[in-house]
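# let me see the structure of the following:
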Amino acid sequence: MIFYLGPDYLSHMETKYLSGFGNHFSTEARPNSLPQDQNSPQKAPAGLYPEQLSGTAFTAPRHSNMFSWLYRIRPSVMHKPFAPLKDLTSKTFFKPQHINPNQMRWNPLAETSAKQDFVEGIRTVCGTGSVHEQRGLNAHLYSFNKSMDTRYFMNADGDFLLVPQKGSLHVKTEMGFMEVEPGEIALVPRGMKFQVNPLKDGTTCTGYIGENFGAAFRLPDLGPIGANGLAHRRHFLTPVAAFEDKEGKFELVGKFAGELWSAEIGHSPLDVVAWHGNFVPFKYDLRKFNTINTVSYDHPDPSIFTVLTSPSEVPGTANVDFAIFPPRWMVGEHTFRPPYFHRNCMSEYMGLIYGEYDAKTAGGFVPGGGSLHNFYSAHGPDVDAFEKASNADLKPHKIEATMAFMFESRSPYMVTDFAMGKDFLQSDYQNCWQGFKKYFK
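Numbering: from 1, shown residues only. Modelled structure (predicted):
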């Protein structure tokens, strides 16, 4: 596909995509700029520099081997030395270091009137694992209100799964540009340079980030569900090649082992004119999820709501699952329909994009906020949701206008000092379960 974005790029131009998950794509933004039949010719077309970007080790099995060949105006190595950004690190990527057995719930981030970009607006809430261990996930919030402008970002530690809650995003990567609105997600692979900007100037954008240190996200196996259901491959969209040809004074911010570093660069690093491969950014519309649910009684386990999974070395046990609780019909006969009371060997960080979560109808769990139920921390519907569901007329009804999500990990989440802030943490969360009556006779 031909799609050129040069110095005269107009923001109203339509963003274009390639459809499919796990595909090996080929795309060029200028005619005849992608080499044919080989990866690294003696002289690449259009005077471009070939460069391979590896997402896995060279010797990873073919079915899981991830890489892309990029054909760029200047090689990536063309930047000045990195210097540490200790102050920016200390304000954004906080260290998860405290275990807490309590059920925890947080308010949304307080909006700021100060101008800050995407990197400056990140706040770490909790996490488990690290890049050193090659496992786990950190859960961050973001709130920003200005473009990154001459700043670009690269995270060497993990993949960034972006979950917008308010404000549409313009995600510009080396391999193409994406427009992402609340109700959609976007993934930027580790090692890839990118910007995240408000799609509309002056907009405040808020949302969540799952930073995955483990195996790359993939679609879950469907087992007896069959060939169809849950998230369809064709609904995942990867941008076509698009580039910036800009020279000047720019900043490349890199995240390495939890620390931010800065390097001066004399050009935009988003200068890839053509590429082919399967190590790619993508977006997905959560509203297209093909939800599975009971048509008889009880309900299946919430694993049926898994959109993406990062597997561990233990079969059937995820490093991280990304699951959603979307609009759906509830038809179970003589059944308590909300999520059941549960003590889980997995740990669950939840967020709410919009609407009301059906297990928390008494308030407190609000869009932009979050909750954490660590391993074997008892949780379930609040008193209000329990009483309503226990006495409801069990006619078929549809839960509408809602979208909650979960980062579920096999490892316990540690929380940051920031997460324990008194204006952020809801100290009365446990009160929602204190009013259960004794019905035993």
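# make it CA atoms for all contacts and neighbour counts henceforth
Noted.
# pretty sure His342 contacts Ala378?
Yes - under the criterion of C-alpha atoms under 8 Å, His342 makes contact with Ala378 at 5.9 Å.
# going along the chain, name the helices of this protein.
Here the chain has its helices, by DSSP state H, at 86-92, 383-390.
# pick the most buried one from those.
Highest mean neighbour count of the helices of the chain: helix 383-390, a mean of 17 (counted as mean count of other C-alpha atoms under 10 Å).
# for that helix, packing partners?
In terms of contacts (3 or more C-alpha pairs under 8 Å, 6 or more residues apart in numbering; DSSP states H and E), helix 383-390 is packed against no helix or strand at all.
# center of this protein - which residue?
Leu161 (1.8 Å; C-alpha atoms, centre = their mean).
# walk me through the domains of this protein.
79-268, 289-425 (automatic domain parsing).
# between the two ends of the last one, how far is it?
What that stands for is domain 289-425. End-to-end span of domain 289-425 (C-alpha to C-alpha, to the nearest Å): 31 Å.
# quick revisit: run through the bridge partners of the residue nearest to the centre of the chain.
Leu187, Gly210 (DSSP bridges).
# that one and Ala186 touch, don't they?
Yes - Leu161 lies in contact with Ala186 (C-alpha under 8 Å); the separation is 5.8 Å.
# okay if I get the helices of the chain as CSV plus distance to Met330 and mean pLDDT?
Shown next, in CSV, are the helices of the chain (distance: least, C-alpha to C-alpha, whole Å; pLDDT from 0 to 100):
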stretch, distance to Met330, mean pLDDT
helix 86-92, 41, 98
helix 383-390, 11, 95
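# wait, which of the ones you listed is closest to Pro220?
If you check each of the helices of the chain against Pro220 by C-alpha to C-alpha, helix 383-390 wins as the nearest, at 30.2 Å.
# give me the spatial nearest neighbour of Ala274, chain neighbours excluded.
Glu28 (4.0 Å; C-alpha to C-alpha, 6 or more residues apart in numbering).
# and the contacts of stretch 159-171?
177-190, 194-200, 203-213, 216, 352-354, 367-368 (C-alpha atoms under 8 Å, 6 or more residues apart in numbering).
# got it, and stretch 192-208?
Counting by C-alpha under 8 Å, 6+ apart, 117-118, 139-148, 151-156, 162-174, 179, 188, 269-270, 351, 353, 368 sit against stretch 192-208.
# then stretch 333-350?
Contacts of stretch 333-350 (C-alpha under 8 Å, 6+ apart): 139, 296-299, 330, 358-359, 370-381, 385-386, 389-390, 394, 404-413.
# got the end-to-end distance for that stretch?
End to end - C-alpha to C-alpha - stretch 333-350 spans 28 Å.
# all strands for the stretch 251-400 of the chain, in order.
Using DSSP state E, counting those that start in this stretch, the strands found in the stretch 251-400 of the chain span residues 259-267, 272-277, 282-285, 306-311, 318-325, 328-330, 347-354, 370-373, 397-399.
# turn the ones you listed into a markdown table, including distance to Ala227 and mean pLDDT.
Shown next, in a markdown table, are these (distance: least, C-alpha to C-alpha, whole Å; pLDDT from 0 to 100):
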| stretch | distance to Ala227 | mean pLDDT |
| --- | --- | --- |
| strand 259-267 | 42 | 98 |
| strand 272-277 | 25 | 98 |
| strand 282-285 | 19 | 98 |
| strand 306-311 | 15 | 98 |
| strand 318-325 | 19 | 98 |
| strand 328-330 | 21 | 96 |
| strand 347-354 | 28 | 98 |
| strand 370-373 | 33 | 98 |
| strand 397-399 | 26 | 95 |
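# nearest to Lys95, out of the ones you listed?
Going by C-alpha to C-alpha, the one of the strands of the stretch 251-400 of the chain nearest Lys95 is strand 259-267, 10.1 Å.
# for the closest one, which strands pair with it and how are they oriented?
strand 83-84 (antiparallel), strand 247-256 (antiparallel).
# flag every buried residue along it.
Glu259, Leu260, Trp261, Ser262, Ala263, Glu264, Ile265, His267 (16 or more other C-alpha atoms under 10 Å).
# from these, pick the one nearest Asp285.
Of all these, Leu260 has the smallest distance to Asp285: 30.7 Å, by C-alpha to C-alpha.
# the closest one touches Phe82, doesn't it?
No - if you go by C-alpha under 8 Å, Leu260 and Phe82 don't touch, sitting 9.5 Å apart.
# quick revisit: can you redo the strands paired with strand 259-267 as JSON lines with distance to Thr124 and mean neighbour count?
Formatted as JSON lines, the strands paired with strand 259-267 follow (distance: least, C-alpha to C-alpha, whole Å; neighbours: other C-alpha atoms under 10 Å):
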{"stretch": "strand 83-84", "distance to Thr124": "19", "mean neighbour count": "14"}
{"stretch": "strand 247-256", "distance to Thr124": "14", "mean neighbour count": "18"}
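# make JSON lines from those strands and add mean pLDDT and distance to Thr128 to it.
Shown next, in JSON lines, are the strands paired with strand 259-267 (pLDDT from 0 to 100; distance: least, C-alpha to C-alpha, whole Å):
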{"stretch": "strand 83-84", "mean pLDDT": "98", "distance to Thr128": "24"}
{"stretch": "strand 247-256", "mean pLDDT": "98", "distance to Thr128": "17"}
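# state the mean pLDDT of stretch 189-199.
Mean per-residue pLDDT for stretch 189-199: 98.
# that stretch: which residues count as buried?
Pro189, Arg190, Gly191, Met192, Lys193, Phe194, Gln195, Val196, Asn197, Pro198, Leu199.
# quick one: that stretch to chain centroid distance?
12 Å (C-alpha atoms, centre = their mean, to the nearest Å).
# could you list the low-pLDDT ranges of the stretch 1-150 of the chain?
1-14 (pLDDT under 70).
# at 90 instead, please
1-15, 110-113 (pLDDT under 90).
# so which of the buried residues of stretch 189-199 comes closest to Ile73?
Checking the buried residues of stretch 189-199 one by one against Ile73 (C-alpha to C-alpha), the nearest turns out to be Lys193, at 14.6 Å.
# please name the nearest non-neighbouring residue to the closest one.
Met154 (4.5 Å).
# beta partners of that neighbour?
Going by DSSP bridges, Met154 forms beta bridges with Lys193, Gly254.
# thought it was touching Leu252?
Yes - between Met154 and Leu252 there is a contact under C-alpha under 8 Å: 7.4 Å.
# count of neighbours near Gly127?
27 (other C-alpha atoms under 10 Å).
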